[in-house]
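Peer 1: Prediction below, plus the sequence it came from.
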Amino acid sequence: MGAIIGLASFFMLTACDSEKSDIAEKAKEIATETSNSVEQVVADTSDKAKEVAGAASDQAKEIASDAADKANEVTAAVSDHTKELVSDVADKAEEVAVVTSDSAENVAAEVETMAAAEDSSNAAGQEYIVKMLNNGEDGMMVFEPAFLKVEKGATVKFEATDAGHDSVSAYVPDGAEGWKGDNSKDITVTLDTEGVYLYKCTPHIMMGMVGVIQVGAVTDKSGAEKASEELLAKMAMGKERLGKYLSEVK
Ligand SMILES: [Cu+2]
């Protein structure tokens, strides 16, 4: 605008007086028009600029909003994932706790079972087997083993390995019960009283088919020794067996 006013001043200075006024008017007119036009352009430009700025601002707001949404979304996703992880870890921990608890219970139950088995084995005692044989280490018609040392409460099974024999008690400690097995049949006896037991095979006592069982600790075997005399009286052979078996009582 300064250039336009300068141009108008130039015309005013160089023209003659009559023309001077006309030219000056014209110049003023041009200057005013030009000035208006420039103002219009400036105004338009300003509007446009405002519009652009507004649009840019809207765009920026939108971008910011999108970014905020995205950030929220990511935060939520991470949070969900974290929650899931925490939940998984909790589940796993619970599982481990249950397994550990089960395992501990199993061990406890096993220990209890073992303890019970031990108790019952103590109560029932061990089982021993005495075979009834036509021929054995000590000769014909024998119990094997003919001398047996067992703990109190043990059971002894007389097994009819060969037919034609039986097991019948001949002497038992005071307070103990005797037994009488059938011919060619097994018989199992439980020995709950400490002491010395003598037994025989009814059909073969004459041939020295006798046996001795020691239950627990024996301090006095005089009763058994006295009873053995009656048995020896019935024997025609194998008398040395009974003395030998009784000598093993210690
Ligand atoms: Cu016999």
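Peer 2: Cool, got the structure. Numbering: from 1, shown residues only.
Peer 1: partner residues bridging Asn135?
Peer 2: Taking DSSP bridges, one finds Met140 as the beta-bridge partners of Asn135.
Peer 1: Look up how far Lys244 lies from it.
Peer 2: Relative to Lys244, Asn135 is positioned 18 Å away (criterion: Cβ to Cβ, to the nearest Å). Every residue, glycine included, has its C-beta placed from N, CA and C.
Peer 1: Would you map out the domains in this protein?
Peer 2: 2-61, 125-247 (automatic domain parsing).
Peer 1: Reformat those as a markdown table; add distance to Ala76 and mean pLDDT.
Peer 2: What follows is the domains of the chain, written out as a markdown table (distance: least, Cβ to Cβ, whole Å; pLDDT from 0 to 100):
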| stretch | distance to Ala76 | mean pLDDT |
| --- | --- | --- |
| domain 2-61 | 22 | 63 |
| domain 125-247 | 73 | 97 |
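Peer 1: Deepest in the core, which of those is it.
Peer 2: Highest mean neighbour count among these (mean count of other Cβ atoms under 10 Å): domain 125-247, with a mean of 17.
Peer 1: rewinding a little: now the domains of the chain in JSON lines, with distance to Leu85?
Peer 2: As requested, the domains of the chain are arranged in JSON lines below (distance: least, Cβ to Cβ, whole Å):
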{"stretch": "domain 2-61", "distance to Leu85": "36"}
{"stretch": "domain 125-247", "distance to Leu85": "59"}
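Peer 1: Quick one: closest of these to the ion.
Peer 2: Nearest to the ion, of all the domains of the chain, is domain 125-247, at 3.0 Å by Cβ to the ion.
Peer 1: Please state the offset of the closest one from the chain centre?
Peer 2: 52 Å (Cα atoms, centre = their mean, to the nearest Å).
Peer 1: Renumber starting at 3 from here on
Peer 2: With the count now opening at 3, the last piece we talked about shows up as domain 127-249.
Peer 1: and Asp60, what element?
Peer 2: Secondary structure from DSSP states H and E places Asp60 in helix 19-126.
Peer 1: Hmm, I typed the wrong one, I wanted Val251.
Peer 2: Secondary structure from DSSP H and E places Val251 outside every helix and strand.
Peer 1: how many neighbours does it have?
Peer 2: Other residues lying near Val251 total 16 when counted by other Cβ atoms under 10 Å.
Peer 1: what separates it from Ser103, distance-wise?
Peer 2: Applying Cβ to Cβ, the value for Val251 to Ser103 is 55 Å.
Peer 1: Which residues of the protein lie near the ion?
Peer 2: Residues of the chain lying near the ion by Cβ under 5 Å from the ion: 167, 203, 206, 211.
Peer 1: go again using 6 Å as the cut-off
Peer 2: For the chain, the residues in contact with the ion under the definition Cβ under 6 Å from the ion are 143, 167, 203, 205-206, 211.
Peer 1: any chance of the residues you listed in CSV, with secondary structure too?
Peer 2: Supplementary listing: those in CSV, determined by DSSP: H, G, I helix; E, B strand; the rest coil:
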residue, secondary structure
Met143, strand
His167, coil
Cys203, coil
Pro205, helix
His206, helix
Met211, coil
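Peer 1: On the three-state scheme, the nearest residue to Asn185 once chain neighbours are set aside is what?
Peer 2: In this structure, Asn185 finds its nearest non-sequential neighbour in Asp168, 4.7 Å apart by Cβ to Cβ, 6 or more residues apart in numbering. Judged by three-state DSSP, the three-state class of Asp168 is coil.
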